[in-house]
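1. this is a predicted model, with the sequence first.
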Amino acid sequence: MDIYGIQKVTLLDYPDKVACTVFTGGCNFKCPFCHNKLLIGEVPAEPVMEGEEFFKFLDSRKGLLDGVCISGGEPLVQPDLEDFIKGIKQRGFLVKLDTNGSYPERLKSLVEKGLIDYVAMDIKNSRGKYGKTAGLDIVPLTAIEETVEYLLGGPVDYEFRTTVLRDFHEEEDFNEIAQWIKGGKRYFIQNFEDSDGVLVPGLSPYEKEDLEKFADILRKTMEYVEIRGI
């Protein structure tokens with residue numbers, strides 16, 4: 001599998017683990033606040049690393065890294081993702097998968113085969129504002145709801161997370177999300193940070209006190225809520 005970005009060590013992406021993060025190309029969403037605009041739709045012509053080269057890198061990191069985070073783009077659009085993960089697991093590493101939740105059957109297959117140790121699912125917004133926030137005219141909400149229910153059922157360790165912006169989110173959205181994801185194990189609010197890589201420029205983050213208010217709403221129905229990026 002081709003890799004279009006790599007962070008060779010991270011202490012943040014995989015909770016309580018030392019990991020590396022790889023970025024796959026291609027995504028079925030077009031979130032205006034996405035930091036990886038080059039990985040949406042058509043991917044760059046040249047990957048930064050091919051699968052075999054990555055496995056050589058992993059072999060050199062045995063004993064130093066606990067796991068691999070697979071992000072994107074949307075990793076579940078990759079036809080060879082399963083074989084790629086098998087190569088990681090055969091080397092004794094944990095695997096964390098980042099997903100937008102729109103491919104529940106593909107996710108279930110990987111989890112049931114014992115190939116995924118941790119899932120991070122993006123919750124873009126309340127259901128009524130999902131399409132606008134994901135940059136889609138038609139949003140696969142039924143599939144997203146199916147993934148939420150699957151993770152809430154506890155087949156694999158997981159977190160939900162929302163990148164928060166003034167342009168898309170308000171207090172009522174988090175009241176709705178709190179009821180939708182009621183009983184969730186972990187929920188992270190991530191403050192938006194602008195950068196040159198953002199798909200749509202000029203978007204705005206919230207202040208810390210606003211994020212704390214949103215977190216308090218989620219804490220009414222979730223086991224653990226934390227704010228990242230402040």
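-> Happy to help now that I have it.
2. what about this structure, any weak spots by pLDDT?
-> In the predicted model of the chain, residues 37-45 satisfy pLDDT under 70.
3. how about the strands in the chain?
-> 5-10, 19-23, 67-71, 94-99, 118-122, 157-164, 186-191, 224-228 (DSSP state E).
4. quick one: residues contacting the residue positioned nearest the centre of the chain.
-> Closest to where the C-alpha atoms of the chain average out (CA atoms, centre = their mean) is residue 98, at 3.3 Å. Contacts for residue 98 (CB atoms under 8 Å, 6 or more residues apart in numbering) come out as 69, 70, 71, 72, 75, 120, 122. For glycine as for every other residue, the C-beta is placed from the backbone atoms N, C-alpha and C.
5. show me the beta-bridge partners of it.
-> Counting by DSSP bridges, residue 98 forms beta bridges with residue 120.
6. give me the distance between residue 227 and residue 2.
-> Counting by CB to CB, to the nearest Å, the gap from residue 227 to residue 2 is 34 Å.
7. so which of these two has more stuff around it?
-> Between residue 227 and residue 2, residue 2 has the larger neighbour count (other CB atoms under 10 Å), namely 18 against 15.
8. surely that one meets residue 51?
-> Yes - here residue 2 reaches residue 51: they are 7.3 Å apart, a contact under CB atoms under 8 Å.
9. about what we covered before: same list (the strands of the chain) but as a markdown table, adding distance to residue 112.
-> Below are the strands of the chain laid out as a markdown table (distance: least, CB to CB, whole Å):
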| stretch | distance to residue 112 |
| --- | --- |
| strand 5-10 | 27 |
| strand 19-23 | 23 |
| strand 67-71 | 17 |
| strand 94-99 | 14 |
| strand 118-122 | 13 |
| strand 157-164 | 15 |
| strand 186-191 | 21 |
| strand 224-228 | 25 |
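10. thank you, goodbye.
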